[in-house]
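**Student:** predicted model and sequence below, questions to follow.
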Amino acid sequence: MALVVDDKFQHILRVLNTNIDGKNKVMFALTAIKGIGRRFSNIVCKKADVEMNKRAGELTSEEIERIVTVMQNPRQFKIPDYFLNRQKDIRDGKYGQIIANNLEAKLREDLERMRKIRLHRGLRHFWGLRVRGQHTCSTGRKGRTVGVSKKKQ
């Protein structure tokens with residue numbers, strides 16, 4: 001497959017502090033941004049009136065702007081709450097989509113809060129153990145050995 005390259009074609013786009021490959025289709029190119037998956041990028045493209053079969057490098061600056069505004073304010077464009085990755089925020093109780101650098105900061109903040117209030121989940125994160133109820137006796141030994149060790153004779 002060969003791409004017909006215009007003079008306006010951008011091989012690498014910079015959107016929300018993330019480099020996006022211009023050769024991919026718009027929907028799949030947007031998934032390079034942290035916090036945006038295939039389903040969310042699909043609905044963002046539909047709400048921003050961008051053609052789905054277009055390549056990311058063919059987007060105009062106006063289309064990119066529309067996409068960014070939809071991603072940053074999804075509830076204003078009637079994207080349902082169950083699509084969002086931050087539901088009922090612990091601090092303000094709001095729904096929203098957290099993307100790019102904010103996602104890492106919020107995750108770090110959440111883990112810090114859990115550790116501070118001595119939540120079991122927070123402590124397991126702090127100790128580097130499995131958090132979601134998995135068995136640790138025989139699996140997940142990457143890094144250090146957990147489980148039973150034999151006595152030396």
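**Tutor:** Everything's here; your move.
**Student:** CA only for contacts and neighbour counts going forward, please
**Tutor:** Fine.
**Student:** quick one: contacts for C45?
**Tutor:** 26-27, 51-52, 67 (CA atoms under 8 Å, 6 or more residues apart in numbering).
**Student:** could you say which helix or strand holds the residue most central in space within the chain?
**Tutor:** When the chain is reduced to its mean C-alpha position, the closest residue under CA atoms, centre = their mean turns out to be G35, at 1.8 Å. In this structure, G35 is located outside every helix and strand according to DSSP states H and E.
**Student:** ok, it to I98 distance?
**Tutor:** Distance check for G35 against I98: by CA to CA, to the nearest Å, it reads 6 Å.
**Student:** strands of this structure, start to end?
**Tutor:** For the chain, the strands defined by DSSP state E occupy 12-15, 18-21.
**Student:** wait, which of those strands is closest to E58?
**Tutor:** Using CA to CA as the measure, strand 12-15 is the one of the strands of the chain that comes nearest E58, at 10.1 Å.
**Student:** who does that closest one pair up with?
**Tutor:** strand 18-21 (antiparallel) (DSSP bridges).
**Student:** list the buried residues of the strand it pairs with.
**Tutor:** Neighbour counts over strand 18-21 (16 or more other CA atoms under 10 Å) mark 20-21 as buried.
**Student:** which residues are in contact with that strand?
**Tutor:** Among residues not part of strand 18-21, those counted as contacts by CA under 8 Å, 6+ apart are 11-14, 29-30, 32-33, 56-57, 100.
**Student:** apply 10 Å and report the result again.
**Tutor:** Residues external to strand 18-21 that are found in contact with it (CA atoms under 10 Å, 6 or more residues apart in numbering): 10-14, 26, 28-34, 55-57, 100-101.
**Student:** how far away from the center of its chain is that strand?
**Tutor:** Using CA atoms, centre = their mean, to the nearest Å, the mean C-alpha position of strand 18-21 is found 14 Å from that of the whole chain.
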